[in-house]
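**Student:** Just a sequence and a predicted model for now, questions to come.
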Amino acid sequence: MNPNTPELVIEVVAIGIGATALLDLWALFAGHVLGLPVANWARVGRWLGYFPKGRFVHHDIAAAPPIARERLIGWSAHYIIGIFYATVLFLFFGSNWISNPTLAPALAIGLATVVAPFFIMQPAMGAGIAAANTPNPLVARLSSILGHSVFGFGLYLSALVLTMPG
């Protein structure tokens, strides 16, 4: 397959959406059944919504005044980031991986993505590096690592579904 085809772009987007959707299903399960903390995408939207105003860091994003459509912004960013990470997977492992997906590269990318919340989002939103300022940092860290592992598995599973005959 030519790596510049529109079909490949659609596949990468589908893999990113599929992996992100699996992460969301996991979050529902983890939050309701296991009692693990889950991301609040409205707060992420609030954080992003302050960017045009030149504000990138908050002491506590929950205390910042809400912005219009913050939930939509947060959820949209969540899926766009998932598509971006699927693109990173493609850039590292190529269209051959999409045609013949294997678990290890997808899990590696999934686990690598935990760098973003640990060192960018959580500190900028007031939770500290790797959720150090949260009530239970270890639980928050493990929840993030587990969620990003599920996302990595979702990258693999989504690519696998795309390669199924029929």
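**Tutor:** Thanks, I have the structure now.

**Student:** going forward, measure contacts and count neighbours with C-alpha atoms only.
**Tutor:** Fine.

**Student:** Tell me how many other residues crowd S99.
**Tutor:** When counting by other Cα atoms under 10 Å, one arrives at 14 neighbours for S99.

**Student:** Looking at it now. What's its pLDDT?
**Tutor:** pLDDT recorded at S99 is 93.

**Student:** chain center to the longest helix seen in the chain, what's the gap?
**Tutor:** Criterion DSSP state H: the longest helix present in the chain is helix 70-99. Relative to its parent chain, helix 70-99 has a centroid offset of 8 Å by Cα atoms, centre = their mean, to the nearest Å.

**Student:** and stretch 33-40, how far apart are its ends?
**Tutor:** End-to-end distance of stretch 33-40: 17 Å, with Cα to Cα, to the nearest Å as the criterion.

**Student:** Now do the strands in the chain.
**Tutor:** Shown for the chain, no strands are assigned by DSSP state E.

**Student:** follow-up on the earlier one: just checking, what packs against the longest helix of the chain?
**Tutor:** On a contact count with 3 or more Cα pairs under 8 Å, 6 or more residues apart in numbering; DSSP states H and E, helix 70-99 meets helix 6-32, helix 41-49, helix 103-112, helix 137-163.

**Student:** And those: which comes nearest A64?
**Tutor:** helix 41-49 (8.0 Å; Cα to Cα).

**Student:** Would you mind writing the CA trace of that closest one as CSV?
**Tutor:** The C-alpha trace of helix 41-49 is given here as CSV (Å, rounded to 0.1, in the frame of the first residue of the first chain):
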residue,chain,number,x,y,z
TRP,A,41,-12.3,15.9,29.8
ALA,A,42,-14.3,19.1,30.7
ARG,A,43,-11.4,20.2,32.9
VAL,A,44,-9.0,19.4,30.0
GLY,A,45,-11.2,21.6,27.8
ARG,A,46,-11.1,24.3,30.4
TRP,A,47,-7.3,24.1,30.5
LEU,A,48,-7.1,24.3,26.7
GLY,A,49,-9.7,27.0,26.6
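
**Student:** could you give the mean pLDDT of it?
**Tutor:** Helix 41-49 comes out at a mean pLDDT of 98.

**Student:** cool, stretch 54-64 as well?
**Tutor:** In the prediction, stretch 54-64 has an average pLDDT of 97.

**Student:** Just the endpoints, please. Distance across that stretch?
**Tutor:** Start-to-end span of stretch 54-64 (Cα to Cα) is 14 Å.

**Student:** Could you do stretch 115-124 as well?
**Tutor:** Counting by Cα to Cα, you get 13 Å between the two ends of stretch 115-124.
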